[in-house]
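Visitor: Okay, predicted coordinates and the sequence, questions at the end:
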Amino acid sequence: MRRAALALLLAPLIALAAAAQPQSGFELMAPETQAMQRDDTANPGMLWVQEGEALWQQSGCAGCHGDAAASMRGAAARYPVYDEARAGPIDLAGRINQCRVERQGAPALALEGEPLLALGSFVAHQSRGLPVAPPADPRLAPARAQGEALFRERRGQLNLSCAQCHDDNAGRRLAGSPIPQGHPNGYPLYRLEWQGMGSLQRRLRNCMAGVRSEPFAYGAPEYIAIETFLMSRAAGLLLETPAVRP
Amino acid sequence: MPRAGTAPSRRTCLARWPWVLLLLAGGAAAQEDSLPSLTGTPGDAVRGRAIVTTRQRGLCLLCHSGPFPEERFQGDLAPGLAGAGSRLSEGQLRLRLVDGRRLNPQTIMPSYYRSEGLHQVGPAWQGRTILTAEEIEDVVAFLLTLRD
């Protein structure tokens, strides 16, 4: 009797905890696509990781950072972090370019260009399997709040917010595609539709264009704010870089 | 005598109220639950079907499913369109297409004939409605053929 009553009492709590647990987009993919991501010899994203490893050696990153497996482990799980110089959040691609420009006197790599995607994939790959762990830095709070506001704001000719798809309708089908919760834990990733590697910003631009709204320019602070919010929303999910998505 | 003087007027007052309410409710419903033709010309159901089933034009099957066996990919974010023509009148269907937000401000269904009150609309779409008045009439004509 007492046990049954306790179970009744706890059931809603357990259900709540389960609902609050974020789910990776990986879980909604077809078994073939999941198998492609799991197998490093079949995962096309590994080509970018290998290219990134070569660049790490050739372009002087190793000179300061040494073995990335040690020095870069966990970095991607924390980003965006607060950057004093910017007096705001900086994403991983921004940090890599900061090293190039300020520490190496080299030109910044083009956003979404292959070299930066390769280096970004190689660095993020060092955190594969680690949980998303956004820093509890109060200086990030304004960006996180801005990101959340952007996530909830309706936009475009179709007048839809990110939240209307990724919170309210996650798991349902938009035409043929299941709507994922919209987590940033696999980037840069290989998307079959792109037949190539892309950053989180490229993905966000796709979603913005999908509702017929004008995407922000690559590197815009709005994307970094959204990423800061998405990372806090995804806390605990394991990093998958390089993930594969349909 | 003051009591005798007030009683009849209160009675007439009460007796009138249901009429007033009915008129108000009827008026509001007539305004809010249906819309007259946008063009004055009946739409073409064949063209309407093409709009509904073409992903980039109607977008309907992103969210809805319907009796379209040739369409492999249909959505499940909204009630099915089968039987829409039996459930709703012509004017009710039109209102739901033109601006469903008037019935449910939270709806995810886009307003197909409204271009104001939107944010960050892409340049290609600015100032334009999703469908034209003629296209709305075509879709309404087609939906009316979807009977149970």
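Guide: Nice, I can see it. Quick caveat: nothing in here was measured; it's all calculated off a predicted structure.
Visitor: What number of residues are in the vicinity of the residue in chain A that chain B sits nearest to?
Guide: Of all residues in chain A, A:Gly176 sits closest to chain B, at 3.3 Å by Cβ to the nearest Cβ. For the C-beta atoms, the positions are set from N, CA and C on the backbone; glycine is no exception. For A:Gly176, the neighbour count with other Cβ atoms under 10 Å in any protein chain shown is 13.
Visitor: which non-adjacent residue is nearest it?
Guide: In this structure, A:Gly176 finds its nearest non-sequential neighbour in B:Phe73, 3.3 Å apart by Cβ to Cβ, 6 or more residues apart in numbering or on different chains.
Visitor: which residue packs closest to the spatially most central residue of chain A, ignoring adjacent ones?
Guide: The centre of chain A sits closest to A:Pro184, judged by Cα atoms, centre = their mean, with a distance of 2.4 Å. Leaving aside its chain neighbours, A:Pro184 sits nearest to A:Leu230 (4.5 Å; criterion: Cβ to Cβ, 6+ apart).
Visitor: Could you check how many residues crowd around that neighbour?
Guide: 25.
Visitor: and the helix or strand that contains it, which residues are buried?
Guide: With secondary structure defined by DSSP states H and E, A:Leu230 is part of helix A:221-233. Going by neighbour count (16 or more other Cβ atoms under 10 Å in any protein chain shown), the buried part of helix A:221-233 is A:Glu222, A:Tyr223, A:Ile224, A:Ala225, A:Ile226, A:Glu227, A:Thr228, A:Phe229, A:Leu230, A:Met231, A:Ser232, A:Arg233.
Visitor: What pLDDT is listed against the residue of chain A closest to chain B?
Guide: Looking at A:Gly176, its pLDDT reads 88.
Visitor: Tell me which stretches of chain A form helices.
Guide: A:2-20, A:31-38, A:45-58, A:61-65, A:68-71, A:75-78, A:92-98, A:104, A:114-125, A:141-152, A:162-166, A:200-210, A:221-233 (DSSP state H).
Visitor: Relative to B:Arg102, which of those is closest?
Guide: Of all those, helix A:162-166 sits nearest to B:Arg102, with 18.1 Å by Cβ to Cβ.
Visitor: circling back: so which of the helices of chain A gets nearest A:Glu84?
Guide: helix A:92-98 (11.1 Å).
Visitor: pLDDT of the closest one, averaged?
Guide: Averaging pLDDT along helix A:92-98 gives 98.
Visitor: Around chain B, pick out the residues from chain A.
Guide: Applying Cβ under 8 Å from any Cβ of the partner chain, we find that chain A lies next to chain B at A:153-160, A:164, A:168-169, A:172-177, A:208-209, A:212-214.
Visitor: Next one: B:Gln56 from B:Met109, what distance?
Guide: As judged by Cβ to Cβ, to the nearest Å, B:Gln56 and B:Met109 stand 17 Å apart.
Visitor: who has more neighbours, those two?
Guide: B:Met109 (21 against 5).
Visitor: Helices along chain B, start to end?
Guide: B:2-32, B:45-53, B:60-63, B:84-87, B:90-99, B:133-144.
Visitor: My read is that A:Leu130 contacts A:Ala77, right?
Guide: Yes: between A:Leu130 and A:Ala77 there is a contact under Cβ atoms under 8 Å: 4.7 Å.
Visitor: Please identify which of the two sits among more neighbours.
Guide: Neighbour tally, A:Leu130 and A:Ala77, criterion other Cβ under 10 Å: the higher count belongs to A:Ala77, 23 against 16.
Visitor: Looks like that one contacts A:Arg128 (just checking).
Guide: No: counting by Cβ under 8 Å, A:Ala77 does not reach A:Arg128; the two are 9.7 Å apart.
Visitor: So for B:Phe68, which of the helices of chain A sits nearest?
Guide: Nearest to B:Phe68 among the helices of chain A is helix A:200-210 (21.6 Å), distances taken as Cβ to Cβ.
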